[in-house]
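Student: give me coordinates for this.
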Amino acid sequence: FWVLAMLGSQQVRPVIGAVEADSIAAKAGLTAGQEIVSIDGEPTTGWGAVNLQLVRRLGESGTVNVVVRDQDSSAETPRALALDHWLKGADEPDPIKSLGIRPWRPALPPVLAELDPKGPAQAAGLKTGDRLLALDGQALGDWQQVVDLVRVRPDTKIVLKVERDGAQIDVPVTLSVRSEAKAAGGYLGAGVKGVEWPPSMVREVSYGPLAAIGEGAKRTWTMSVLTLESLKKMLFGELSVKNLSGPITIAKVAGASAQSGVADFLNFLAYLSISLGVLNLLPIPVLDGGHLLCYLVEWVRGRRLSDRVQGWGIQIGISLVVGVMLLALVNDLGRL
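Tutor: Residues are numbered from 1 along each chain as shown. Model prediction:
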């Protein structure tokens with residue numbers, strides 16, 4: 001982590017793009033355009049830091065203390081998010097979305113740049129370069145509007161007003177259904193080109209050699225504590241055991257992080273190493289933590305444990321480890 005901190009990273013400022021009405025964020029007074037400065041006293045330099053601090057509060061009740069800064073202002077204002085068994089037992093929690101917050105993103109013009117060969121858009125005759133003007137008579141200003149309107153219309157026939165070669169035409173499209181995060185949503189099978197983020201919305205975060213060591217140690221401690229807290233919450237039912245991941249998910253995430261860049265891949269490897277290290281130090285027989293516990297007990301007793309007791313411990317430890325591995329594998333297969 002200290003190497004990554006010294007090399008630095010480019011992060012998107014955690015500026016709120018929109019807040020859903022009657023959501024947790026709306027009730028706390030958060031509004032579009034505000035930047036999240038800190039959560040529970042921890043600075044949030046980007047959306048990754050925001051998500052990390054929120055993940056630590058999954059399944060809990062109480063108050064999340066958030067400090068925000070209004071647009072074009074240096075004044076910081078505290079806000080309190082009220083939680084009540086927040087996302088307790090959720091299979092695939094999305095902390096930021098569940099608060100009713102949508103991160104700010106640059107507007108994407110609804111001009112089609114790619115089509116799924118087997119998707120509804122291709123079947124309806126839409127072409128790359130088409131500009132979507134309206135959906136069922138509702139004007140479309142950017143691509144996010146298209147996504148939101150399509151998502152709530154699974155397996156529905158719609159009419160898109162399209163501008164093609166200077167002419168406007170109506171194209172009927174029958175949306176299909178795609179399941180995401182246990183919820184069915186409409187699927188169009190089309191995409192648009194990305195746009196560059198404005199420089200004002202991106203910041204470079206880096207540390208000097210000495211500061212990087214401290215930052216690396218802080219991140220290591222934070223991830224270690226988060227791993228232990230997550231295990232505790234799974235044991236007490238505050239966090240779903242379906243959040244456990246096995247080799248299939250690890251391989252998929254590793255591939256995705258490698259495509260994002262060397263820094264993201266190294267960051268993933270660091271998180272994975274810390275998680276495995278913490279798990280290996282748990283006081284479970286057959287793990288290193290179990291051996292250390294055994295040595296401690298023998299030191300206190302002044303003599304070694306009997307072969308019978310050690311045999312029981314090994315059997316219990318193997319059963320626990322194999323059980324967790326099988327559960328993680330089942331979760332992986334369920335995500336495919």
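Student: for residue 201, see how far away residue 149 is.
Tutor: Counting by CB to CB, to the nearest Å, the gap from residue 149 to residue 201 is 25 Å. Heads up, the C-betas are built off the backbone N, CA and C, glycines and all.
Student: let me redo that: residue 155
Tutor: For residue 155, the distance to residue 201 - CB to CB - is 37 Å.
Student: repeat that for residue 285.
Tutor: On the measure of CB to CB, residue 285 and residue 201 end up 51 Å apart.
Student: more crowded one of the two?
Tutor: Counted by other CB atoms under 10 Å, residue 285 and residue 201 do not tie: residue 285 has more neighbours, with 21 against 13.
Student: the more buried one in helix, strand or coil?
Tutor: coil (DSSP: H, G, I helix; E, B strand; the rest coil).
Student: where does the residue lying closest to it once chain neighbours are set aside land on pLDDT?
Tutor: Leaving aside its sequence neighbours, residue 285 sits nearest to residue 317 (CB to CB, 6 or more residues apart in numbering; 3.2 Å). If you check residue 317, the pLDDT there is 86.
Student: which residues does residue 317 contact?
Tutor: 284-287, 290 (CB atoms under 8 Å, 6 or more residues apart in numbering).
Student: between these, which is closest to residue 256?
Tutor: residue 287 (29.0 Å; CB to CB).
Student: list the contacts of the closest residue to the closest one other than its chain neighbours.
Tutor: Leaving aside its sequence neighbours, residue 287 sits nearest to residue 280 (CB to CB, 6+ apart; 5.4 Å). Counting by CB under 8 Å, 6+ apart, residue 280 touches 287-289.
Student: give the residue spans of the chain that score low on pLDDT.
Tutor: 1-2, 4-5, 7-8, 179-184, 336 (pLDDT under 70).
Student: helices of that one, start to end?
Tutor: Assigned by DSSP state H, the helices in the chain fall at 2-7, 24-27, 47-55, 95-98, 120-124, 143-151, 209-235, 247-260, 262-280, 288-301, 307-335.
Student: who does the fifth one touch, helix- and strand-wise?
Tutor: When you say that, I think you mean helix 120-124. Of the remaining helices and strands, those touching helix 120-124 by 3 or more CB pairs under 8 Å, 6 or more residues apart in numbering; DSSP states H and E are strand 112-115, strand 167-174.
Student: go with 7 Å
Tutor: On a contact count with 3 or more CB pairs under 7 Å, 6 or more residues apart in numbering; DSSP states H and E, helix 120-124 meets strand 167-174.
Student: quick check: buried residues in the strand it packs on?
Tutor: 171, 173 (16 or more other CB atoms under 10 Å).
Student: kindly report the same for stretch 33-48.
Tutor: Buried residues in stretch 33-48 (16+ other CB under 10 Å): 33-39, 44-47.
Student: kindly report the same for stretch 150-160.
Tutor: Quick answer for stretch 150-160 (16+ other CB under 10 Å): 150-151, 153-154, 158, 160.
Student: and the two most separated of those residues?
Tutor: Among the buried residues of stretch 150-160, 154 and 160 lie farthest apart (CB to CB), at 16.2 Å.
Student: got the contact list for residue 320?
Tutor: residue 284 (CB atoms under 7 Å, 6 or more residues apart in numbering).
Student: OK, contacts around the residue lying closest to residue 70 once chain neighbours are set aside?
Tutor: Excluding the flanking residues, the one nearest residue 70 by CB to CB, 6+ apart is residue 34, at 5.7 Å. By CB under 7 Å, 6+ apart, residue 34 lies in contact with 16, 68-71.
Student: reformat those residues as a markdown table; add neighbour count.
Tutor: As requested, these are exported to a markdown table (neighbours: other CB atoms under 10 Å):
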| residue | neighbour count |
| --- | --- |
| 16 | 21 |
| 68 | 22 |
| 69 | 17 |
| 70 | 13 |
| 71 | 11 |
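Student: quick one on the thing from earlier: in strands only, show me the buried residues of stretch 33-48.
Tutor: Members of those lying in strands (criterion: DSSP state E): 35-39.
Student: rewinding a little: ok, the contacts of residue 34 vs residue 98, which is closest?
Tutor: For the contacts of residue 34, the nearest to residue 98 is residue 16 (14.5 Å; CB to CB).
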